[in-house]
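>>> What would the 3D arrangement of this be:
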Amino acid sequence: MAKLLFVMTGTAYWTLRDGTRHATGYWAEEFAAPYKALTEAGHEIVVATPRGVVPTVDMMSLRPEMAGSAQIALDLEATIRSAEVMRRPIHLADARLEDYDAVYLPGGHGPMEDLSVDADVGRLLPAALASGKPLAIVCHAPAAMLATRIHGESPFAGYRVTAFTNEEEEAVGLASRARWTVETELIAMGVDFTKGEMWKPYTVVDRNLFTGQNPASAAVLAERLLKVL
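Residues are numbered from 1 along each chain as shown. Next comes the predicted model:
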């Protein structure tokens, strides 16, 4: 069985254009759906965060209207509560790629605050890309690719990528309040950005890089990962 590293945000807020802090963290479905699918298939998960802090769930993602139904919200919460690995994450600085068979980054707005500028992410992601091991990133977590830029250049340039779109950010009312958006910054970095319908599952695979557009894409991304592990 495979061993996967889940690289997760360690922040509970996202700083907006006007300097206010928007409460956030990781998006429940983007952790819970892949975690459940992968562990039920017998794979081992290790969670890593900046400084080893316990990840904070974005409470908005556990609201029934956001999760899809009251039952889905309860199921997501139950999966998170049962995930012992979430209570004892390792320090991202201590994560060694050679110890894992694949790397996965769930989103939520949190990665825009910390993973997008994290030096350890900037070290780990290019190594994962070069290793040929599956690297899966969903929703807002492709913001972490921005940490790989050196003098404006990134090894992700030229890769086909999807992520949370500007249209989706506008639909949740945050595009105009954001200092920057994931889609715009990734395009500026030189990725070949593609997107599907708003809120519908959409995933892209380019070599060993697997990306998903939005929360609904997380389960599909996990299925695609399962096929290659």
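
>>> Could you use CA atoms for every contact and neighbour count after this?
Fine.

>>> lowest average confidence, helix or strand, in the protein?
The helix or strand of the chain with the poorest confidence is helix 64-67; it has a mean of 93 (mean pLDDT, DSSP states H and E).

>>> hmm, who's touching that helix?
Contacts with helix 64-67, where a contact means Cα atoms under 8 Å, 6 or more residues apart in numbering, come from 29, 60, 61, 70, 71, 72, 73.

>>> what would the residues you listed look like in CSV with distance to residue 91, secondary structure and neighbour count?
Formatted as CSV, the contacts of helix 64-67 follow (distance: Cα to Cα, whole Å; DSSP: H, G, I helix; E, B strand; the rest coil; neighbours: other Cα atoms under 10 Å):
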residue, distance to residue 91, secondary structure, neighbour count
29, 23, helix, 30
60, 26, helix, 15
61, 25, helix, 23
70, 34, helix, 13
71, 33, helix, 11
72, 31, helix, 17
73, 29, helix, 19
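
>>> Which two among those residues are spaced furthest apart?
60 and 71 (15.2 Å; Cα to Cα).

>>> Could you pull out the helices in the chain for me?
Along the chain, counting by DSSP state H, helices occupy 28-40, 64-67, 70-82, 110-113, 119-131, 166-171, 182-189, 217-228.

>>> nearest to residue 54, of the ones you listed?
If we rank the helices of the chain by Cα to Cα, the stretch that ends up nearest is helix 70-82, at 12.1 Å.

>>> What mean pLDDT does that closest one get?
On average, the pLDDT along helix 70-82 is 96.

>>> mind saving the C-alpha coords of that helix as PDB?
The C-alpha coordinates for helix 70-82 follow below in PDB (Å, rounded to 0.1, in the frame of the first residue of the first chain):
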ATOM      1  CA  ALA A  70     -27.200  18.300   6.400                       C
ATOM      2  CA  GLN A  71     -26.300  14.600   6.100                       C
ATOM      3  CA  ILE A  72     -23.200  15.300   3.900                       C
ATOM      4  CA  ALA A  73     -22.100  17.900   6.400                       C
ATOM      5  CA  LEU A  74     -22.400  15.500   9.300                       C
ATOM      6  CA  ASP A  75     -20.500  12.800   7.300                       C
ATOM      7  CA  LEU A  76     -17.700  15.300   6.500                       C
ATOM      8  CA  GLU A  77     -17.400  16.200  10.100                       C
ATOM      9  CA  ALA A  78     -17.400  12.600  11.200                       C
ATOM     10  CA  THR A  79     -14.500  11.800   8.800                       C
ATOM     11  CA  ILE A  80     -12.500  14.800  10.100                       C
ATOM     12  CA  ARG A  81     -13.100  13.800  13.700                       C
ATOM     13  CA  SER A  82     -12.000  10.200  13.000                       C
END
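
>>> What helices and strands are in contact with that helix?
Under the contact definition 3 or more Cα pairs under 8 Å, 6 or more residues apart in numbering; DSSP states H and E, helix 70-82 sits against helix 28-40, helix 64-67.

>>> Buried residues of the last one, list them for me.
Buried residues in helix 64-67, counting neighbours by 16 or more other Cα atoms under 10 Å, are found at residue 67.

>>> Then stretch 203-218?
Quick answer for stretch 203-218 (16+ other Cα under 10 Å): 203-205, 208-218.
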